[in-house]
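Peer 1: Just to be clear, the model below is a prediction. Sequence and coordinates:
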Amino acid sequence: TPVTVIRGSIEALHDKVVTDPKQVEEYYSHLLSESIYLQRLVNDLLDLSRLQNTDFSLNKEEVNLLSIVHESVRSARRLCAKKNISINFESNKDVEVIYGDFDRLRQMILIILDNAIKFSNIGSTIDIVYRNCVLSITDYGEGIKKEDLPNIFERFYKMRDEKNKGGTGLGLAIAKQIALRHDIAVTVDSKENEYTTFSFDFSKAVNYKGV
């Protein structure tokens, strides 16, 4: 779709179908936004392809999971500012050592937080809780329709929503692959117009014995 839009816009400019300066400026602005979207799409596809390739190794080492969560929350708070959304993080401990790829796990959490912010209402709250090896991220926005729930981790699947028009439909597929590569179980619970909770069970990562 972005390639088709870009080509159509360039052809209109090249063939002088559009000549009005104001319209030309709009076309250039549209071309820029579509090219940014295309770049994001290509990068997401490359990410997903790498993660699905079993020969692609992750940079796994002993890391503090809660440090990853804290850093992800700090990054997400910048995105929250535009919608005046607050993030609450609760944990029954300060350190939880697991064997994993710091950057990829941060990417996984940020994908979920980005979605939570995107579908949350202005001035709402996002709750993050870590207890008994399970990390849960809950937003209180529009929720996910029951018929959409089984498909949300599929590539290119995205809800037809104005808030999601800039999404590539690959974020949750990437998050799921990162979870799979770390032996993390992922579940989703949602009620339309009430809440959505993504839960990550890190039990196997926490109990990793280095074998």
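Peer 2: On my side now, so go ahead.

Peer 1: Enumerate every residue touching V5.
Peer 2: V5 makes contact with H30, E34 under the criterion C-beta atoms under 8 Å, 6 or more residues apart in numbering. Placement of C-beta: from N, CA and C, glycine included.

Peer 1: So which residue is dead centre in the protein?
Peer 2: Centroid-nearest residue in the chain: I111, 2.1 Å away (criterion: C-alpha atoms, centre = their mean).

Peer 1: For the chain, just list every one of the helices.
Peer 2: Taking DSSP state H, the helices of the chain run over residues 2-14, 21-52, 65-80, 102-118, 171-181, 203-206.

Peer 1: Out of those helices, which gets nearest to E194?
Peer 2: E194 lies closest, by C-beta to C-beta, to one member of these: helix 102-118, at 13.7 Å.

Peer 1: Name the residues of that closest one that are buried.
Peer 2: Buried positions in helix 102-118, judged by neighbour count with 16 or more other C-beta atoms under 10 Å: 102, 104-118.

Peer 1: isn't E62 right next to Y99, touching?
Peer 2: Yes: using C-beta atoms under 8 Å, E62 is in contact with Y99, at 5.9 Å.

Peer 1: mind showing which ranges of the protein have poor pLDDT?
Peer 2: Where the chain drops to pLDDT under 70, the residues are 156-168, 208-211.

Peer 1: ok, 80 please
Peer 2: For the chain, residues meeting the criterion pLDDT under 80 lie at 1-2, 40-41, 44, 54-55, 155-169, 207-211.

Peer 1: Tell me which of E62 and Y99 has more neighbours.
Peer 2: Applying other C-beta atoms under 10 Å to E62 and Y99 shows that Y99 carries more neighbours, namely 17 against 10.

Peer 1: From E25, how far out is the nearest residue to V18 once chain neighbours are set aside?
Peer 2: Residue nearest to V18 in three dimensions, not counting chain neighbours: A12, with 4.8 Å by C-beta to C-beta, 6 or more residues apart in numbering. Between A12 and E25 the distance, using C-beta to C-beta, to the nearest Å, works out to 13 Å.

Peer 1: follow-up on the earlier one: wait, which of the buried residues of helix 102-118 is closest to E71?
Peer 2: Once C-beta to C-beta is applied, the member of the buried residues of helix 102-118 that ends up nearest E71 is R106, at 6.1 Å.

Peer 1: ok, the residue nearest to V18 touching E26?
Peer 2: No: assessed by C-beta under 8 Å, A12 is found out of contact with E26, at 11.0 Å.

Peer 1: check contacts around T187.
Peer 2: For T187, the contact set (C-beta under 8 Å, 6+ apart) comprises F198, S199, D201.

Peer 1: can you tell me how far the first one sits from Q52?
Peer 2: Okay, so that is F198. To Q52, F198 is 20 Å away according to C-beta to C-beta.

Peer 1: Check the last one too.
Peer 2: Taken as C-beta to C-beta, the spacing of D201 relative to Q52 amounts to 21 Å.
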